[in-house]
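[1] Need coordinates for the following:
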Amino acid sequence: MAKKPGWRSVQWFGRQDIYGFIYRSWTKNRGVPQDQFDGRPVIGICNTWSELTPCNTHFRVLADHVRHGILEAGGFPLEFPVMSTGETLMRPTAMLYRNLAAMSVEESIRANPLDGVVLLAGCDKTTPATIMGAASVDLPTILVSGGPMLSGKYRGTDIGSGTNVWSMSEDLRAGKISLEEFHEAESCMHRSHGHCMTMGTASTMASMVEALGLGMPGNAAWPAVDARRNVLARAAGRRIVALVKEKVSISKILNKKAFENAIRANAAIGGSTNAVIHLIAIARRLGVDLTLDDWQRVGEGVHTLVNLMPSGKYLMEDFCYAGGLPVVLRELGENGFLEKNSLTVNGQTIWQNNKDAPCWNRDVIFPFKKPFKKNAGIKVLRGNLAPDGAIIKPSAATPKLLKHKGRAVVFENIEDFHTRIDDPRLDIDERCVMVLKNCGPKGYPGMAEVGNMPLPPKLLKKGVTDMLRISDARMSGTAYGSVVLHMSPEAAAGGLLALVQNGDMIEMDVAKGRLQLLVSEKEISRRRKGWKKPKPQLSRGYWRLYFDHVNQAHEGADLDFLVGGSGDFVPRDNH
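    Numbering: from 1, shown residues only. From the prediction side, this is the model:
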C-alpha cells in the first residue's frame, strides 16, 4: 500500500480502525466514493453565504466554481458555513461580531479534517473575520472576494452605495429632495449581487486581499455578476490544492512586507479607514508587529491615484474596466513603493503579477507622477485627546479643515446626538467641532460606523457641507468628510474624550499629526474625579465577553485572548 501523504486529513480519513470507519462512513452518506479517501488533499470551502448578508447572497454559485476547481486539481472539497456578519442589517454593528465570526472560522478549520481552505467573503467584516480565523490556524489559504455590485443608476446619473446614501439623506433632511425621490433611489442604487461598488470597506478589503497576495490577481475589482469572477473562483480552487502540496501556509504569504504593500495600496486607492483596524488585527494573529506608526511611516509620500467615490466620482465597475488594482500596484512598483518580491498565492511575486498591467482609463486611475490627490493616505493624529492615536482620511476631507481650532459641541452618546442634532436651537455654527463620545469598542459596543455625524439641518440649509467631527467611533468606508476616528483610548475606557465638555476648544493640525484639547491639566484632573466607569450593556453572553476583553482601536479591536494563534494541531478523537 502506498505511503499516505502527511496531510492533516489523513489523521481522520486515512485510518483503518473504528475511528476511520466513523469519519469515512458518515461522510459517504452524500455519495462520496471510497477513492475520495485515497490521501488527496481535503480543501475546506469556508462560505459566509447568508440571506441576512445581502452582499454575499450569490456565494452558493461562487462556492460551486471553487468546488469545480478543487476537483479538477485532484482535491477533495468540503464546504462548511460559518457565522456571516452583514453590515447592512446587523445591529448594533457588524463590527461587534467580527471577532465572534473569526472564532467561528478558526474553530471550524481546526476541528475538521482540512488541509487547506478557500475563504469566501465580501461584505465588510466577513473579509477580516475569515482571514483572522484562518491566520490563527495557519493552513494554506486563499480568499475569494464576492465582487462589487454593478454601478447604481438614478435618473441618468451614477450613484454609489453608501456615499450617495449619506448625500441623499442630507438632501432629504435639508428639503432638497422628496421622500418619493428618496425611495426611488433605493431601488436604483443596489441592482445586482455584490458588495458596495464605491471604494468602501468591502472594496477596500478586497483590494487589501489582492495587495497582500492572499487573493488571485484581479480579486479586487471584477463585478460580482461578471463571469470572470467565477473563473477567478475556479482558479482559486485549483491553486489551493497546489499550495497544500507545496506546503505554503498563510503565514508564508502574510509577512511584514506584505502588510506594507497593503498599506501603500490603501493610500493609493483612497481606501477605507477601517482597513487600519482590520490589518492590525490580522497581523497580530500572525505575530507580525504592525502599528499605527507603520501606517504613518509606510504610507508617507504615497499619493491617491484612484478617482472613486467617496474620494472621487467613479465606481468599482469603472475601476475594473480601467485595469483595476494591478494598475495601481504597477504604479507603486515603478515609483519605489512596492516590496516587489513578496510572494502571492498564485506562486508568483506581487511584481511578476502586476509589472505589465495596462491602464485603459486615466480619468479613473491616475499616474503616480500626476496623481488624483497628493500624499493623501491615512494620517495618524496624537495628543492629549488621543495619546494612543486617532486617524483621519485627508482624501475625503475638506482641505481647509485639516488645520482647525474650534469650540466643542458635545454629544454624550448616539442617542443624545439623535435627540439634539435636528433642534434648530442647538448652539452650533460651522466653525464648531462636533464631538461624539461612547461609541468605541466598549462604548457602543462594537465601535459602530457613526463617526461621520450628519450635520445640523439648520447649517445644511445655509449651504454648509462639512465640519470637523471627532469621535471614538468608526465610519463607513463609503463616507466622506473631515472626520477624526478611532480615538484611543475611547471614552468608555477612560480616555480624555470622556471628559470633553461643551465650549472646550479643540485644535487639530493634520500636517503636524496633532489633536489637542485646550484645557488645563488642573481642570482635567478635577473632571476626572467625577468620571464613572460604565458598565456593560448586557451582563451575560457574547456582549459581556466582548466588553471585558476587547482591545482598543490602535490594537485592532480584537479580543485580547484571541491575539496570536493555536496552529493546526489535530484534537483528540470524538468517540
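
[2] does residue 397 really touch residue 485, like I thought?
    No: counting by C-beta atoms under 8 Å, residue 397 stays clear of residue 485, with 11.4 Å between them. C-beta here means a position set from N, CA and C on the backbone, and glycine is covered the same way.

[3] When those two are compared, which one has more neighbours?
    When residue 397 and residue 485 are compared for neighbours, residue 485 comes out ahead with 30 against 21, by other C-beta atoms under 10 Å.

[4] List the single closest residue to residue 260 in space, sequence neighbours excluded.
    residue 298 (4.8 Å; C-beta to C-beta, 6 or more residues apart in numbering).

[5] Is residue 135 part of a helix or strand, or is it coil?
    With DSSP: H, G, I helix; E, B strand; the rest coil as the basis, residue 135 sits in helix.

[6] How about residue 263?
    helix.

[7] quick one: which helix or strand includes the closest residue to it other than its chain neighbours?
    For residue 263, ignoring the flanking residues on the chain, the nearest one in space by C-beta to C-beta, 6+ apart is residue 298 at 4.5 Å. In the assignment (DSSP states H and E), residue 298 maps to helix 292-299.

[8] Please state the offset of the following helix or strand past that helix from the chain centre?
    Next helix or strand after helix 292-299 toward the C-terminus (DSSP H and E): helix 316-322. Chain-centre distance of helix 316-322: 20 Å, with C-alpha atoms, centre = their mean, to the nearest Å.

[9] Kindly list the longest helix within this structure.
    What stands out as the longest helix in the chain, according to DSSP state H, is helix 227-246.

[10] now for the following helix or strand past that one, which elements pack on it?
    Where DSSP H and E defines the elements, the next helix or strand beyond helix 227-246 is helix 250-253. Packing partners of helix 250-253 (3 or more C-beta pairs under 8 Å, 6 or more residues apart in numbering; DSSP states H and E): helix 126-137.

[11] Next secondary structure after the helix it packs on?
    strand 141-145.

[12] check contacts around the residue nearest to residue 230 when sequence neighbours are not counted.
    Closest residue to residue 230 apart from its sequence neighbours, by C-beta to C-beta, 6+ apart: residue 65 at 4.6 Å. Neighbouring residues of residue 65 by C-beta atoms under 8 Å, 6 or more residues apart in numbering: 230, 231, 233, 234, 237.

[13] excluding its backbone neighbours, what's nearest the third one?
    Of all residues beyond its chain neighbours, the one nearest residue 233 is residue 65 (4.0 Å), with distances taken as C-beta to C-beta, 6+ apart.

[14] hmm, back to that, which positions within the helix holding residue 298 qualify as buried?
    Residues of helix 292-299 classed as buried: 292, 294, 295, 296, 298, 299 (neighbour count, 16 or more other C-beta atoms under 10 Å).

[15] need the residues you listed in JSON lines with distance to residue 401 and pLDDT, can you?
    Output for the buried residues of helix 292-299, formatted as JSON lines (distance: C-beta to C-beta, whole Å; pLDDT from 0 to 100):
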{"residue": "292", "distance to residue 401": "21", "pLDDT": "97"}
{"residue": "294", "distance to residue 401": "26", "pLDDT": "96"}
{"residue": "295", "distance to residue 401": "21", "pLDDT": "96"}
{"residue": "296", "distance to residue 401": "20", "pLDDT": "92"}
{"residue": "298", "distance to residue 401": "25", "pLDDT": "96"}
{"residue": "299", "distance to residue 401": "20", "pLDDT": "94"}
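
[16] Pick the one among the residues you listed closest to residue 152.
    The shortest approach to residue 152 among the buried residues of helix 292-299 belongs to residue 299, at 29.8 Å (C-beta to C-beta).

[17] Count the neighbours of the nearest residue to that closest one once chain neighbours are set aside for me.
    Distances taken as C-beta to C-beta, 6+ apart put residue 377 closest to residue 299, at 3.7 Å, once the chain neighbours are dropped. Neighbours of residue 377 under the rule other C-beta under 10 Å: 26.

[18] Now the phi/psi pair for residue 377, please.
    Backbone geometry at residue 377, expressed as degrees, to the nearest 10, gives phi -70, psi -170.

[19] which ones are touching it?
    263, 264, 266, 267, 268, 295, 299, 300, 302, 304, 394, 395.

[20] Report how many residues lie close to residue 390.
    Using other C-beta under 10 Å, residue 390 has 28 neighbouring residues.

[21] for residue 154, that is, sorry about that
    Residue 154 has 16 neighbours, counted by other C-beta under 10 Å.

[22] Verify the contact between it and residue 187 for me.
    No: here residue 154 does not reach residue 187: they are 9.1 Å apart, not a contact under C-beta under 8 Å.

[23] Tell me where the stretch 151-300 of the chain has helices.
    Assignment of helices within the stretch 151-300 of the chain using DSSP state H, counting those that start in this stretch yields the ranges 163-173, 179-189, 201-212, 227-246, 250-253, 256-269, 274-285, 292-299.

[24] Compare those and give me the one nearest residue 109.
    Among the helices of the stretch 151-300 of the chain, helix 250-253 comes nearest to residue 109, with 10.6 Å by C-beta to C-beta.

[25] Before we move on, what's the pLDDT of residue 177?
    The model reports residue 177 with a pLDDT of 89.

[26] Run through who's touching the strand ranked longest in the chain.
    The residue-count maximum for a strand in the chain (DSSP state E) belongs to strand 403-411. For strand 403-411, the external contacting residues (C-beta under 8 Å, 6+ apart) are 417, 420-421, 426-428, 431-437, 453, 468, 482, 500-511, 518.

[27] still on that earlier bit, wait, a helix at the residue nearest to residue 230?
    Yes: judged by three-state DSSP, residue 65 forms part of a helix.

[28] I'd like to know how far residue 336 sits from residue 373.
    19 Å (C-beta to C-beta, to the nearest Å).

[29] of those two, who's got more company?
    Legend: neighbour count by other C-beta under 10 Å for residue 336 and residue 373, higher for residue 373 (20 against 9).

[30] Skipping adjacent residues, who's closest to that one in space?
    Nearest non-adjacent residue to residue 373, counting by C-beta to C-beta, 6+ apart: residue 304, 4.1 Å away.
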